[in-house]
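Asks: The amino acid sequence is not available; the structure is as follows:
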């Protein structure tokens, strides 16, 4: 029989709020953006008023750690599920400010109509209507006397029954006596079990991740600067997307503005590059894996708790060291030179827009490789070549698409054991042998997804190789991607549709070329046999119908750039499936040529 590893105890809401204010229970999210909208807060209060249950809270006391002098110290309890509910109660009942997604502090005001016993998010109408108490926090303020509140309300609402209003407001005030069940996890649970529980619990319908748990651990640590580190991660992610947010940080968070972190990220204020906009999960993965030589964020949670993996004990010195290493990793991540060099490497391979980036985790590990290589003093040219080639390999092979943490952990441990250059070269040779380009890749390209990694990589290859757009004399693929391009069907969509081909058949990526919209429009629904005959005539002094190419040599060169079989000019257009097979092989060889130049 399994021993129960938790206790369930009902506590009044008032007690829980007191614990949070005193720090007995830590809410990691209390200083992170509040994700609930005000309507959810209103509904929560209404549920309490109606006497409905609002679910359990889950708390876990950090494991007992050995301090530097050898004495044990019980850890602080962390609320690992129910954070948003408790934050909502503090905002509505105590008048606490919350952070918006723009990191501005705001009040959530819930109005109450005691005559009809209704809650509403405070708005202009409730503010003008004396029937509403504009902010229920006023009811719960220790400075508010119940008799005075009722008398003042009835003075403004002469038709209201003073006795009824008194009973109703008293009932409202008593919701803080409602009990909420707190599930407290045993403090001797190992970190893996707590992580598993954390991940399995749903909060507001969103599955919690190991990155969320790690951010919780960071946020509640006051001893080793966890809260500032947590802000550095959150603020960097926000600034990368909205650089105009910088003045608000400087004005609204003087403590952070005076820390060592903000000067390291001020450079974001002048950027508008969206090639790599990291989330906090991305930052944690890169910083942790590059600094600790591990790939599973579950291990980061354990190390931040002070776990000694050899003795299975928890030690304060390990927690201190781990926070120091993580801080070093975050500072390396946000470093202007490092970050810009990574995006430069991606651009130099042809990935010039965010739309060509195939998977964030592939970029994350490319950054890990860059940071490791730079720390080892690898020559810049060698490092850039290695990162480019590794990134492309991981995209083509889907290396980090399935279980990224397992793959990250395997790769970084092999790098630690075998060395960076030696390991990456051996993997590249094994994953991309000669047979991959001629056998496997053409088969993989049998797909109708324009977002497939193979079509993204093909477009990057065209950029790097300086290709022109389909049937364009002067406009390059780079121009098209940076401005506006059409994905044109070589065998037009309607032409194939009329022949009974399904969407997955006529939208094959081997039927796609990048073209100027005017060329795409000019071709319209014409069959390849017709418009290729007209192209041939155009190059023999005929009317210019499709772009500005008037030389057969230039036309053939352009077709080669777009991997379109030149035979379309010489004889009747092949059957559609034969065309697809031939073009897939040509596209795969172009990608191979490009890869060898990286």
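Replies: Cool, the structure landed. What you see is a predicted model; the values in this text were computed from it and never measured. Residues are numbered from 1 along each chain as shown.
Asks: Every contact and neighbour count from this point should use C-alpha atoms.
Replies: Noted.
Asks: And residue 6, how far from residue 15?
Replies: 20 Å (Cα to Cα, to the nearest Å).
Asks: Have a look at those two and say which one is more surrounded.
Replies: Per other Cα atoms under 10 Å, whichever of residue 6 and residue 15 has more neighbours is residue 6, with 16 against 13.
Asks: residues contacting that one?
Replies: 183-186 (Cα atoms under 8 Å, 6 or more residues apart in numbering).
Asks: That one - nearest residue in space that isn't next to it in sequence?
Replies: residue 185 (4.4 Å; Cα to Cα, 6 or more residues apart in numbering).
Asks: how close does that neighbour sit to residue 83?
Replies: For residue 185, the distance to residue 83 - Cα to Cα - is 16 Å.
Asks: Now the phi/psi pair for the residue nearest in space to the middle of the chain, please.
Replies: The geometric centre of the chain, computed from its C-alpha atoms, lies nearest to residue 279 (Cα atoms, centre = their mean), at 4.2 Å. Main-chain torsions, residue 279, degrees, to the nearest 10: phi -100, psi 170.
Asks: How about residue 57?
Replies: Residue torsions, per degrees, to the nearest 10, at residue 57 are phi -100, psi 150.
Asks: mind listing what it touches?
Replies: Neighbours of residue 57 in contact, by Cα under 8 Å, 6+ apart: 79-82, 180-183.
Asks: So which residues of the stretch 451-598 of the chain form helices?
Replies: 453-464, 477-482, 493-497, 503-506, 517-523, 528-538, 552-561, 567-570, 576-597 (DSSP state H, counting those that start in this stretch).
Asks: Quick one: mean pLDDT for the fourth one?
Replies: Helix 503-506 shows an average pLDDT of 93 in the prediction.
Asks: Quick one: list the elements packing against that helix.
Replies: helix 493-497 (3 or more Cα pairs under 8 Å, 6 or more residues apart in numbering; DSSP states H and E).
Asks: Determine the set of other helices and strands touching the helix it packs on.
Replies: Using 3+ Cα pairs under 8 Å, 6+ apart, helix 493-497 sits against helix 503-506.
Asks: what residues does the helix it packs on touch?
Replies: 447-448, 491, 493, 496-497.
Asks: now do stretch 550-560
Replies: Against stretch 550-560 from outside (Cα under 8 Å, 6+ apart): 467-472, 536, 538-541, 544, 549, 565-566.
Asks: Of all the residues in it, which ones are buried?
Replies: 550, 552, 555-560 (16 or more other Cα atoms under 10 Å).
Asks: Now do that stretch: distance to the chain's middle.
Replies: 44 Å (Cα atoms, centre = their mean, to the nearest Å).
Asks: Report the distance from the helix or strand containing residue 319 to the chain centre.
Replies: Counting by DSSP states H and E, the secondary-structure element that holds residue 319 is helix 316-334. From the chain centre to the centre of helix 316-334 is a distance of 22 Å (Cα atoms, centre = their mean).
Asks: what angle separates the next helix or strand after it from helix 316-334?
Replies: Remark: after helix 316-334, the chain's next helix or strand is helix 336-348, criterion DSSP H and E. In terms of direction (axes from the mean of the first three to the mean of the last three Cα atoms, to 10 degrees), helix 336-348 departs from helix 316-334 by 50 degrees.
Asks: for the helix or strand following helix 336-348, packing partners?
Replies: Using DSSP H and E, the helix or strand that follows helix 336-348 in sequence is helix 360-375. Packing partners of helix 360-375 (3+ Cα pairs under 8 Å, 6+ apart): helix 280-292, helix 336-348, helix 380-397, helix 420-431.
Asks: what does helix 360-375 contact?
Replies: By Cα under 8 Å, 6+ apart, helix 360-375 touches 276, 282, 285-287, 289-290, 332, 338, 342, 380, 383-384, 387-388, 390-391, 394-395, 399-401, 404, 408, 420.
Asks: starting at the chain centroid, how far to that helix?
Replies: 17 Å.
Asks: Flag every buried residue along that helix.
Replies: 360-373.
Asks: still on that earlier bit, just the buried positions in the helix holding residue 319, please.
Replies: For helix 316-334, by 16+ other Cα under 10 Å, it's 316, 318-320, 322-323, 325-327, 329-334.
Asks: residues contacting residue 178?
Replies: Residue 178 touches 12-13, 48, 51, counting by Cα under 8 Å, 6+ apart.
Asks: Just put these in a markdown table and tack on distance to residue 20.
Replies: Listed next are those as a markdown table, based on distance: Cα to Cα, whole Å:
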| residue | distance to residue 20 |
| --- | --- |
| 12 | 13 |
| 13 | 11 |
| 48 | 19 |
| 51 | 23 |
